[in-house]
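S.K.: let me see the structure of the following:
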Amino acid sequence: MAQRGVWQLRKLILSYSDWGGSCRGIKAFMESHLPAFRESNPQLEVVTELIRENNNERVVCVKNLSPEEILLQATRLRNSLGRKVVKLKTRHVTKPPSVQGTWTTALKL
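M.R.: Residues are numbered from 1 along each chain as shown. Just a heads-up that it's a prediction; the model follows:
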């Protein structure tokens, strides 16, 4: 959308993968609609990039494991959240600091 005659979007990056089936829609868009879209929007820079790597990988060694243990490892990977484990510095985490100060067990009343 142009605001005061200036287009807000200057560059459009289309990232897709050629080996997975989840990018079927973007590949069909690039074949059918993208040339006409580029012609109708000359002010917009359209970049297509092919992604070959997956940074969200977890590697589990299954060397010399029984089929039941491999099934257990696969189930654990399936049930994982996908987020990295972050070690907390304290047990109590807040964004603004406490006005009264931090609580300790050595508090004398």
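
S.K.: make it CA atoms for all contacts and neighbour counts henceforth
M.R.: Will do.

S.K.: where does residue 7 fall, phi/psi-wise?
M.R.: Torsion angles at residue 7 (phi, psi; degrees, to the nearest 10) stand at phi -70, psi 130.

S.K.: then residue 12?
M.R.: Per-residue torsions, residue 12: phi -120, psi 120 (degrees, to the nearest 10).

S.K.: does it have beta-bridge partners, and which?
M.R.: residue 46 (DSSP bridges).

S.K.: any idea how far it is from residue 29?
M.R.: Going from residue 12 to residue 29 by C-alpha to C-alpha, to the nearest Å gives 14 Å.

S.K.: now do residue 106
M.R.: 65 Å.

S.K.: pretty sure residue 46 is touching residue 30, no?
M.R.: No. Counting by C-alpha atoms under 8 Å, residue 46 does not reach residue 30; the two are 10.8 Å apart.

S.K.: give me the common contacts of these two.
M.R.: Common contact partners of residue 46 and residue 30 (C-alpha atoms under 8 Å, 6 or more residues apart in numbering): none.

S.K.: which residue ranges of the chain form helices?
M.R.: With DSSP state H as the criterion, the chain has helices at 24-32, 34-40, 67-79.
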